[in-house]
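In: Return atomic coordinates for the entry below.
(one chain, ligands or ions: 2)
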Amino acid sequence: MAKLPILEFPDERLRTKAVAVETVDDEVRQLVDDMLETMYDAQGIGLAATQVDVHRRVIVMDVSDDRSTPLVLVNPTYTPIGDEREPMQEGCLSIPEYYAEVPRALKVRLQALGRDGRPYELEAEGLLAHCIQHECDHLEGVLFVDYLSPLKRDRVMKKMQKRHKMGQPA
Ligand code: GNR
Ligand code: NI
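Out: Numbering: from 1, shown residues only. Ligands and ions are numbered 1, 2, ... in the order given. Next up is the predicted model:
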């Protein structure tokens with residue numbers, strides 16, 4: 001296992017659209033394991049391959065309280081269930097120390113392949129539903145700050161650029 005470096009906003013590579021995985025082989029499983037180690041180390045609840053500069057449709061998550069329930073999503077797709085939306089405070093490992101409310105679908109149905117390459121489905125609500133939508137956005141090159149007003153997004157961008165210039169990315 002290896003810890004991978006996480007790209008930080010406004011790095012243009014975060015805007016890359018990821019391509020589908022053809023087969024869940026040893027190389028993909030190695031990526032999954034490295035991403036899990038990286039996510040746990042960074043104390044995040046999710047991580048998309050895009051964030052570690054690998055532009056393939058792979059996501060890892062763990063929203064459990066005791067960090068004991070890793071979830072692997074290869075080639076994920078989701079559909080909202082109903083049209084209820086719910087704002088939630090979100091953060092992102094690629095935008096350290098910045099949090100903002102983002103409205104997203106309250107419930108979603110997820111379809112993906114697991115670490116074993118087998119398809120599965122699940123219904124998610126609340127934090128898990130938010131996390132699925134946040135991570136799937138990463139695979140499309142979308143960040144949660146894209147949902148904020150241009151003024152707010154600009155402020156976050158300046159703050160991050162300043163921090164990188166001073167040589168202290170969080
Ligand atoms: O650690 C994370 N917390 C979080 C909180 C609310 C909604 C989404 C997230 S995902 C984030 C980790 C991350 O950046 N994943 O891409
Ligand atoms: Ni994120």
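In: and the gap between the nearest residue to Asp33 once chain neighbours are set aside and Leu73?
Out: In space, and not counting its chain neighbours, Asp33 is closest to Met1: 5.3 Å by C-beta to C-beta, 6 or more residues apart in numbering. All C-beta spots, glycine's among them, are computed from the backbone N, C-alpha and C. For Met1, the distance to Leu73 (C-beta to C-beta, to the nearest Å) stands at 19 Å.
In: Quick one: residues contacting the closest residue to Thr79 other than its chain neighbours.
Out: Spatial nearest neighbour of Thr79, chain neighbours left out: Arg109 (5.4 Å); criterion: C-beta to C-beta, 6+ apart. By C-beta atoms under 8 Å, 6 or more residues apart in numbering, the contact set of Arg109 is 78-79, 81, 121-124.
In: out of those, who's nearest ligand 1?
Out: Ligand 1 has its nearest neighbour among the contacts of Arg109 in Ala124, at 12.2 Å by C-beta to the nearest ligand atom.
In: Can you tell me the number of residues neighbouring Gln161?
Out: Close neighbours of Gln161, defined as other C-beta atoms under 10 Å, add up to 12.
In: same thing with Ile59?
Out: 28.
In: got it, and Val58?
Out: Val58: 29 surrounding residues under other C-beta under 10 Å.
In: Noted, bye for now.
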